[in-house]
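Chemist: here's my sequence, what's the structure:
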Amino acid sequence: MPELNAPSRVVVVGDALIDVLRDSEASREFAGGAALNVAVGLAVLGVPTTLIAMVGDDADGVVLRSFLDQYGVQLIATPGPLGSSRAVSDRTDGEPRYFFNDAAKARRIEFGAAERAALAAAAVVVVSCFPFDDTAQTEAFAACVTDPEHRLVIDPNPRAGMLHDGPRFVRNFEALAARSLLVKVGDEDADLLYDSTLDELRERLVEGGAHTVLATAGRLGASVSFENNGLVSVPIAELDGPVIDTMGAGDATLAASVCTIVNDGVPQDSTAWKALLADAMLTAAATCRHEGALLRRP
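Modeler: A predicted model of the protein is given here:
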């Protein structure tokens, strides 16, 4: 268990990969992955953080380990038999198209003694971009997280190029969402997994038992539904300077929200939830004014 008066540690479970951004002018590489982005974002915000992810014993793995080290994120790595994951975002024709290497498509996480100990001791567990369509992995993860209603935060964050079984992903994700502290979903999740609107997805999750649902809608801002039919919404934050890259907006929103929960507790009324969302939107707006997904503060 954590030492008395020690800072609360968050454990993030999910993907770590190399993001390759291509446009008509150049190709650039960044350490990324939704779970890695959230873990590093929390560390930037001063929250002690551990990342559980698959990382290969290769040159990309060296980059990922070095990046996490730079920001003070502890890594518990599952070896990648096919190397480290890579995601290519091709923007040569305007809208980005995504491609994933074989390692990303075959991603897996082992839950051995070190992983179980870290998850047992965590104040909050965040899972993002996890292979919920792999039932064995999902059950192994769920078995490590006791008391999920008080400390499990879920962002399904599916990627079409890594999705093998959509209906199974939905079943396993929703089973955990119903027992979680907080579920974050976005409009792209609603479209890819459900072919529905974000409002419809939020209602479905609430009816399925999810206590609190944070929904992000890109330029339309964010909302949160909570117990006793509470619902608050905030617009995106307006900051000086152009929007450069929206890739890290959702991860920054999640990291900022978890940081508030760790430091101040779960909001208990509309005013507190609105303050959490407003701060998260400021963080997302600042992040979008830089290339890559590294969390920034205004």
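
Chemist: least confident secondary structure element in this protein?
Modeler: Least confident helix or strand of the chain, by mean pLDDT, DSSP states H and E, is strand 97-100 with a mean of 86.

Chemist: dump it to PDB, restricted to CA.
Modeler: This file holds the C-alpha atoms of strand 97-100, laid out as PDB (Å, rounded to 0.1, in the frame of the first residue of the first chain):
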ATOM      1  CA  ARG A  97      -5.700   8.600 -42.500                       C
ATOM      2  CA  TYR A  98      -4.300   6.200 -39.900                       C
ATOM      3  CA  PHE A  99      -2.200   3.100 -40.500                       C
ATOM      4  CA  PHE A 100      -0.800   0.700 -37.800                       C
END
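
Chemist: contact partners of stretch 67-85?
Modeler: 15-18, 31, 33, 36, 39-40, 43-44, 48-58, 60-61, 64-65, 100-104, 106-110, 114-115, 118 (Cβ atoms under 8 Å, 6 or more residues apart in numbering). All C-beta atoms are positioned from the backbone trio N, CA, C, and that covers glycine.

Chemist: show me the contacts for the spatially most central residue of the chain.
Modeler: In the chain, the C-alpha nearest the mean C-alpha coordinate belongs to residue 128, at 3.8 Å (Cα atoms, centre = their mean). Each residue near residue 128 by Cβ under 8 Å, 6+ apart is listed here: 12, 13, 14, 15, 34, 35, 38, 154, 155, 157, 251, 254.

Chemist: got it, and residue 46?
Modeler: residue 259.

Chemist: you'd agree it is in a helix?
Modeler: No. Read with DSSP: H, G, I helix; E, B strand; the rest coil, residue 46 is coil and lies in no helix.

Chemist: mind giving me the packing neighbours of the helix or strand where residue 214 lies?
Modeler: Assigned by DSSP states H and E, residue 214 belongs to strand 213-216. Strand 213-216 sits against strand 182-186, helix 198-207, strand 222-226, helix 249-264, with contacts defined as 3 or more Cβ pairs under 8 Å, 6 or more residues apart in numbering; DSSP states H and E.

Chemist: after the last one comes which helix or strand?
Modeler: The C-terminal neighbour of helix 249-264 among helices and strands, as given by DSSP H and E, is helix 270-287.

Chemist: contact partners of stretch 227-242?
Modeler: 211-212, 219-225, 269-270, 273-274, 277-278, 281-282, 284-286, 289, 298.

Chemist: check contacts around residue 283.
Modeler: Residue 283 neighbours (Cβ under 8 Å, 6+ apart): 41, 252, 253, 255, 256, 295, 296, 297, 298.

Chemist: rewinding a little: filter the contacts of stretch 227-242 to the buried ones?
Modeler: Those of the contacts of stretch 227-242 that meet the buried threshold are 211-212, 221-225, 273-274, 277-278, 281-282, 284-286, by 16 or more other Cβ atoms under 10 Å.

Chemist: returning to that earlier point: keep only those of the contacts of stretch 67-85 that are in strands.
Modeler: Among the contacts of stretch 67-85, the members falling in strands (DSSP state E) are 17, 18, 31, 49, 50, 51, 52, 53, 54, 55, 100.

Chemist: pick the one among those residues closest to residue 178.
Modeler: For the ones in strands among the contacts of stretch 67-85, the minimum distance to residue 178 (Cβ to Cβ) is 22.6 Å, reached by residue 52.

Chemist: for that closest one, give me its contacts.
Modeler: 11, 12, 13, 14, 76, 78, 109, 115, 118, 119.

Chemist: if we go to 7 Å?
Modeler: 11, 13, 76, 109, 115, 118 (Cβ atoms under 7 Å, 6 or more residues apart in numbering).

Chemist: any idea how far the fifth one is from residue 62?
Modeler: Plainly put, residue 115 is 22 Å away from residue 62 if you go by Cβ to Cβ, to the nearest Å.

Chemist: what's around residue 195, how many residues?
Modeler: By the criterion of other Cβ atoms under 10 Å, residue 195 has 9 neighbours.

Chemist: kindly report the same for residue 56.
Modeler: 22.

Chemist: surely it meets residue 103?
Modeler: Yes. Using Cβ atoms under 7 Å, residue 56 makes contact with residue 103 at a distance of 6.4 Å.
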